[in-house]
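Engineer: Got a sequence here, can you model it:
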Amino acid sequence: MRSRLAALALLLLLVACAGGAGTSTTGDGLRLGDLSGEWANGTVVLRVNDAGEFLVQPAGSAEQALMGGFVARDDRRFVFVSQVEGECPGAAGAYLAEVNGDELTLTLEEDTCPERVAWFEAPFLRVDG
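Structural biologist: Purely as a prediction, here's the structure:
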């Protein structure tokens, strides 16, 4: 529980300190809910729920988790903060998001986790219609 609170506090701090203009082909109104669902890019599956929790799993393995944590939307980007378990414990990464139909592209802005950078490099396709 303490690790979740620490990760949430870090996430809130990052969101409060960020700023800028919107960047999305779906308009400046891209919301966290627009990322909700299941997305796959051949390497990993990314699951995001409406509460802002995310889970990264290897493609083809719904039982193994590589990383989980929280994601939030600030003025211009999505900030992913990993939990203390799994890869890159407590690391934060900021990405510009673009949703075109059933395709999600996450463009690296800054991330201290090389694994997440590699996983998010290829565009994602929506799995759960």
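
Engineer: OK, contacts around residue 54?
Structural biologist: Shown in contact with residue 54 (C-beta atoms under 8 Å, 6 or more residues apart in numbering): 46-48, 68-71, 80. Using the backbone N, CA and C atoms, a C-beta is placed for each residue, glycine as well.

Engineer: For residue 125, state which of those residues is nearest.
Structural biologist: The shortest gap between residue 125 and any of the contacts of residue 54 belongs to residue 46, at 10.7 Å (C-beta to C-beta).

Engineer: Locate that closest one within the secondary structure: which element?
Structural biologist: Element membership of residue 46, judged by DSSP states H and E, is strand 44-48.

Engineer: How about residue 60?
Structural biologist: Of the helices and strands defined by DSSP H and E, none includes residue 60.

Engineer: got a list of what it touches?
Structural biologist: Residues counted as contacts of residue 60 (C-beta under 8 Å, 6+ apart): none.

Engineer: And the strands in this structure?
Structural biologist: For the chain, strands defined by DSSP state E occupy the ranges 37-40, 44-48, 53-58, 67-73, 78-82, 92-100, 103-111, 124-126.

Engineer: need those in a markdown table with mean pLDDT and distance to residue 118, can you?
Structural biologist: Listed next are the strands of the chain as a markdown table, based on pLDDT from 0 to 100; distance: least, C-beta to C-beta, whole Å:
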| stretch | mean pLDDT | distance to residue 118 |
| --- | --- | --- |
| strand 37-40 | 96 | 15 |
| strand 44-48 | 96 | 9 |
| strand 53-58 | 95 | 11 |
| strand 67-73 | 94 | 12 |
| strand 78-82 | 96 | 14 |
| strand 92-100 | 95 | 11 |
| strand 103-111 | 96 | 10 |
| strand 124-126 | 97 | 14 |
